[in-house]
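> no sequence on this one, just coordinates:
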């Protein structure tokens, strides 16, 4: 049932213009954030914030729509998929991103903590690619099938993709 709810909400993201802060209600729980509430800015200006795990969303999502929070949550749970999926918003050149994962997560640390990136909060292309990839994975598609579909769907009319390695299966 939970998968169906995530699938339905991700589908809503695909149908909506989801690039900004629309003042949706968000929980203000911060348990599990970095010991010092650590946040910083990347060289390109993106806000980055560390939390104890992928289960704890960053504070910069407070006040964002539930749909956006859901995409970030899905990205945290699907890092092993999104690392193989390129982004076509131009972030490869502007932010040195290597995959769609980097639009949401800058680093997954060995201790399980996560350095989140707020790039995806300002980019509808990033959100749509992540939502489509996760939805396709839930529908049983392989990582390679998803990658090929994303490459085809975004190959024309979008920015140069990130330099993302191709999965083998």
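Cool, the structure landed. Worth saying up front: this structure is predicted, and the values here are computed from it rather than measured.

> in whichever strand or helix holds residue 136, what's buried?
In the assignment (DSSP states H and E), residue 136 maps to helix 124-138. With burial defined by 16 or more other C-beta atoms under 10 Å, the residues of helix 124-138 counted as buried are 125-137. No exception for glycine: its C-beta is placed from N, CA and C like everyone else's.

> Would you map the helices across this structure?
2-15, 66-77, 79-82, 91-94, 124-138, 143-154 (DSSP state H).

> For the fourth one, which residues meet the burial criterion?
Buried positions in helix 91-94, judged by neighbour count with 16+ other C-beta under 10 Å: 91-92.

> returning to that earlier point: rank the helices of the chain by mean pLDDT and give me the bottom one.
If the helices of the chain are sorted by mean pLDDT, helix 2-15 sits at the bottom with a mean of 46.

> Tell me which residues touch the residue nearest in space to the middle of the chain, please.
With the centre of the chain defined as its mean C-alpha position, the nearest residue by C-alpha atoms, centre = their mean is residue 104, 3.8 Å away. In this structure, residue 104 makes contact with 71-72, 75-76, 82, 116-117, 119-120, 126, 130, judged by C-beta atoms under 8 Å, 6 or more residues apart in numbering.

> I figured residue 74 hits residue 131, correct?
Yes. In terms of C-beta atoms under 8 Å, residue 74 counts as a neighbour of residue 131; the distance is 7.2 Å.

> on that earlier part again, considering the contacts of residue 104, which is situated nearest to residue 145?
Here the nearest of those to residue 145, counting by C-beta to C-beta, is residue 82; it sits at 14.8 Å.
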